[in-house]
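Enquirer: here you go, sequence then predicted model.
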Amino acid sequence: MPATEGSPTADETPAFGFIGGDSCVDFVNTVDLWPATPENDRLRSYDDLLEWSVQAGLIDAETTHALRRVSSGDEEEAERALVRARELRAHLRSILAAISSGESPDERAVEAVAATARRAAGHSELSSEGENYVWALNRAYRDRLDWPVWELARAAVSLLTSDALRRVRECAGERCHWMFIDRSRNHSRRWCDMAVCGNRAKARRNYARRKLRGASPAE
């Protein structure tokens, strides 16, 4: 689907899609066509990572402001944090693609995600929220540039330990590698977005039928 939108230029804000049904799946979908290249990667900068995290609901305005301030003062560390985010994304993609194909994930990818989740846990705390408690990142660390990476690792653990994992699918579009969680009633969803990839496939089938009948495409 998204491959038709084209990659954003250097001075454009990348367009993100949120059709995956889970923040980790949507994070994997920040690459249009795997493997990731500079041309098809929507996370071109640390600012892009922050913008995606805000749109995904992983970080709030206060944390975003703190991270923008720190990243502007330490561009090298911000770039390293972006690299770590991309590495986590690649491991998640590897795991989800294997599971969606009925295969066993690479244990190295699983361990890499687990290692990042352990680092996130080391910066987390149990705190009260109303009558309950929540296990969340300690806000004392909200100026750490890896905060979005930690939040993603926490989300990854939630997905990988949930029943939804077995419903992860890859779009059936010929040139689309986007993934989604199939929550359709009969578990038959094939497209990341029916309005784009689904309609494109329908148009190809119609063209093939017309050609088979010997009609011109314009008919």
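Expert: Arrived safely.
Enquirer: C-alpha from now on. contacts and neighbour counts both.
Expert: Noted.
Enquirer: and the residue nearest the centre of the chain, what does it touch?
Expert: Residue closest to the average C-alpha location in the chain (CA atoms, centre = their mean): F27, at 1.3 Å. Contacts here follow CA atoms under 8 Å, 6 or more residues apart in numbering; on that basis F27 touches R89.
Enquirer: P105 versus that one, what's the distance?
Expert: Distance from F27 to P105, counting by CA to CA, to the nearest Å: 18 Å.
Enquirer: hmm, who's touching stretch 72-81?
Expert: Taking CA under 8 Å, 6+ apart as the rule, stretch 72-81 contacts S45, Y46, S71, L145, D146, V149.
Enquirer: excluding its backbone neighbours, what's nearest the second one?
Expert: So the one you mean is Y46. Distances taken as CA to CA, 6 or more residues apart in numbering place L82 nearest to Y46, at 5.5 Å, with adjacent residues excluded.
Enquirer: let me know the pLDDT of the one you found.
Expert: Listed pLDDT for L82 reads 98.
Enquirer: what number of residues lie near it?
Expert: Per other CA atoms under 10 Å, the neighbour tally for L82 reads 24.
Enquirer: state the helix or strand in which it lies.
Expert: Assigned by DSSP states H and E, L82 belongs to helix 75-100.
Enquirer: can you give me the buried ones in that helix?
Expert: Within helix 75-100, the residues that count as buried by 16 or more other CA atoms under 10 Å are 77-79, 81-82, 85-97, 99-100.
Enquirer: where does pLDDT dip in the chain?
Expert: 1-14, 194-196, 198-219 (pLDDT under 70).
Enquirer: mind running it again at 90?
Expert: For the chain, the stretches with pLDDT under 90 are 1-15, 32-33, 35, 129-130, 172-177, 184-219.
Enquirer: quick one, helices of it?
Expert: 23-28, 46-56, 61-73, 75-100, 107-121, 147-160, 199-212 (DSSP state H).
Enquirer: out of these, which comes closest to P35?
Expert: helix 75-100 (8.5 Å; CA to CA).
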